[in-house]
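[1] Next input, structure requested:
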Amino acid sequence: MSLREIISGDRIFPINPAPESSVKIGRNASLSILQAHIKEQPTFLDYISGGAEIQLSVAIDFTASNGNPHDPRSLHYINGFRQNDYQRAISSVGKILESYDSDKLFPVYGFGGKFNGNLSHAHPLNNNYRNPEVTGVDDMDSTIRAIIKASLLPLSIVIVGVGNADFTNMKILDADNEPLVQKLSPYSEPVKMKRDIVQFVAMRDFELRSSHYLLPKAVLEEIPDQFMSYMELHGKTPRPPIRRTTAELEKNKNLRTVNRGDAEDLEFDEPPPEYSA
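    I've put the predicted structure just below:
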């Protein structure tokens, strides 16, 4: 039978076994289709065209293993002529993701270092402690527990391994082959992550000239599937595409001029409403 026949009015099909089959079937045996419909699966681009945005937050490792930032051998060394590995990773990934974020404002945090004399695992690098967006964790169990809890949220975690350290634990967190499982409390049953939200890439695997293209591809290639898994988990369908005229596309509608006394400043319009079905 064909799909067209299944969804048509005639939904009773006689069953005719193959000549070589030994299965005994009644002379008038038939298959009746009681209900049939076609469900169109939305794509990642359907959500993007409906106004969904991707927000980027950056966390930078400041532990002592990176070396003294004043030493040219340090992974944090900045000389003004060549980007270090951290800068290259952030730049190559951020340039792609910024196109999906209307305000283009990216929180940047440091962890594992002393900031203003105090050790911190979640220090905003602009020194603005209001509304911190990430929470630092100091051991593997806490990280797994946080990822399992976050697997219900509209969140993707991208880990870029910089340097020649042992990244075994980062590959475990990636959970491509085996989902993370852990007890969220001593008295609870083991809980498995609802979906894969972590992608790990080692920077040292992309040292060729083509890494400018291959690194962001490897880092970001799982985000569409992770986005879709969240929408499917929560039963959210795409909104209708946003229609724009040519004049609207030529003008940046996210910015407006605001008079502040004798000066004029640009500020962003209100962000779009939260995504809902």
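
[2] CA only for contacts and neighbour counts going forward, please
    Noted.

[3] Buried by neighbour count: which residues of the lengthiest helix in the chain qualify?
    What stands out as the longest helix in the chain, according to DSSP state H, is helix 85-97. Of all the residues in helix 85-97, those buried under the rule 16 or more other CA atoms under 10 Å are D85, Y86, A89, S92, V93, G94, L97.

[4] Using the three-state scheme, assign G110.
    strand (DSSP: H, G, I helix; E, B strand; the rest coil).

[5] and the nearest residue to L153 once chain neighbours are set aside, how many neighbours does it have?
    Of all residues not flanking L153 in the chain, Y230 sits nearest, at 7.4 Å (CA to CA, 6 or more residues apart in numbering). The tally of other residues near Y230 (other CA atoms under 10 Å) stands at 21.

[6] and the residue nearest to V23 when sequence neighbours are not counted, how far is that from I33?
    Spatial nearest neighbour of V23, excluding adjacent residues (CA to CA, 6+ apart): P17 at 7.4 Å. Using CA to CA, to the nearest Å, P17 is found at 18 Å from I33.

[7] Show the backbone phi and psi for the residue most central in space within the chain.
    Centroid check for the chain by CA atoms, centre = their mean gives S156 as the closest residue, at 3.1 Å. Backbone torsions for S156, taken as degrees, to the nearest 10, come to phi -120, psi 140.

[8] now the closest residue to it other than its chain neighbours: how far from E222?
    Residue nearest to S156 in three dimensions, not counting chain neighbours: I197, with 4.8 Å by CA to CA, 6+ apart. Going from I197 to E222 by CA to CA gives 8 Å.

[9] Between the two, which is the more surrounded one?
    Neighbour totals were compared for I197 and E222, and I197 leads with 28 against 16 (other CA under 10 Å).

[10] for that one, what are its contacts?
    Going by CA atoms under 8 Å, 6 or more residues apart in numbering, I197 touches I147, S151, L155, S156, I157, D174, Q226.

[11] Show me the helices in the stretch 151-277 of the chain, by range?
    Per DSSP state H, counting those that start in this stretch, the stretch 151-277 of the chain carries helices over the ranges 168-174, 211-220, 223-233, 246-250.

[12] Ranked by average pLDDT, which of those falls at the bottom?
    With a mean of 65, helix 246-250 has the lowest mean pLDDT of these.

[13] Next, count neighbours for I147.
    23.

[14] should've said R27
    9.

[15] quick one: low-confidence parts of the protein?
    By pLDDT under 70, the weakly predicted segments of the chain are 10, 80-81, 128-138, 165, 184-187, 209-211, 246-277.

[16] Can you give me the domain assignment for it?
    1-38, 44-233 (automatic domain parsing).

[17] Looking at these, which one is packed in the most?
    Comparing these by mean neighbour count (mean count of other CA atoms under 10 Å), domain 44-233 ranks first with a mean of 16.

[18] what about that domain, start to end distance?
    14 Å.

[19] Show me what stretch 36-54 is in contact with.
    For stretch 36-54, contacts defined as CA under 8 Å, 6+ apart pick out 6-7, 97, 100-102, 224-225, 227-228, 237-242, 272, 275.
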